[in-house]
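Q: Pasted the sequence and its predicted model underneath.
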Amino acid sequence: MRSESNTIKAARAYKKFAELLLKSNIADISGGVLYADRLSRCKGDEFIPLIIELFGKPNCNYSVGKSEPVFRYVQEVDTALEQYHVGQIGDILQGAILCELVPPKNPYKRKLNRYVKQQLNLNSLGHAYWRNLPKWKQDLIHPKYQVWYWKPEIV
């Protein structure tokens, strides 16, 4: 068994998670545009080429049966730039979810977590709450929001 650095393991997990997340949300998408946040944690990886390979070629991989690829354009962007600020909303929501998994010491992060739940009228962002709700009930109670947890298999 080969030994990998934690950076490589993190990059692989990030890619797999992104693939699974995209795969579960592309049923009705053709010819879309994907802007991926420039990665600071996994510098030098092959994330964008992988996404193009999996989703960016017509009638191949996740675009099988489609005359257009799922994504006609994929680009890495810097969400610190004004034109891509909408990407930071995802970071805020992801951070609020992470607070449920690993309660932070930072009081501002805890406050943001409470605020997000209140504004979205969500009971919880925690694993136990969402894992125990069947999909049909999630759609009924929270028609606009879903929290999806994935745990990698240990190899």
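A: Sure thing, it's come through.

Q: List the buried residues for stretch 73-86?
A: For stretch 73-86, a neighbour-count test (16 or more other Cβ atoms under 10 Å) marks 74, 79 as buried. Backbone N, C-alpha and C define where each C-beta goes, glycine included.

Q: Check the model's average confidence along that stretch for me.
A: This predicted structure assigns stretch 73-86 an average pLDDT of 89.

Q: So for the lengthiest helix in the chain, mean pLDDT?
A: Longest helix in the chain, counting residues (DSSP state H): helix 6-23. Within the predicted structure, the mean pLDDT of helix 6-23 is 81.

Q: Same question for stretch 99-112.
A: Confidence for stretch 99-112, expressed as mean pLDDT, is 91.

Q: secondary structure element for residue 105?
A: Here residue 105 sits in a region with no helix or strand, counting by DSSP states H and E.

Q: Break down this protein into its strands, ranges please.
A: Counting by DSSP state E, the chain forms strands over residues 32-37, 71-77, given from the N-terminal end onward.

Q: Tell me what angle the longest helix of the chain forms with strand 32-37.
A: Computed by axes from the mean of the first three to the mean of the last three Cα atoms, to 10 degrees, the angle separating helix 6-23 from strand 32-37 equals 150 degrees.

Q: what is the orientation angle of helix 6-23 with strand 71-77?
A: Here the directions of helix 6-23 and strand 71-77 differ by 140 degrees (the same axes, to 10 degrees).

Q: Now for residue 3, how many residues are close by?
A: Residue 3 has 5 neighbouring residues, counting by other Cβ atoms under 10 Å.

Q: can you tell me how far it sits from residue 11?
A: With distances taken as Cβ to Cβ, to the nearest Å, residue 3 is found 15 Å from residue 11.

Q: Can you list the buried residues in stretch 12-31?
A: Along stretch 12-31, these residues count as buried under the neighbour rule (16+ other Cβ under 10 Å): 15, 18, 19, 22, 26, 29.

Q: Now render these as CSV, adding distance to residue 97.
A: Putting the buried residues of stretch 12-31 into CSV (distance: Cβ to Cβ, whole Å) gives the following:
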residue, distance to residue 97
15, 20
18, 16
19, 19
22, 18
26, 21
29, 23
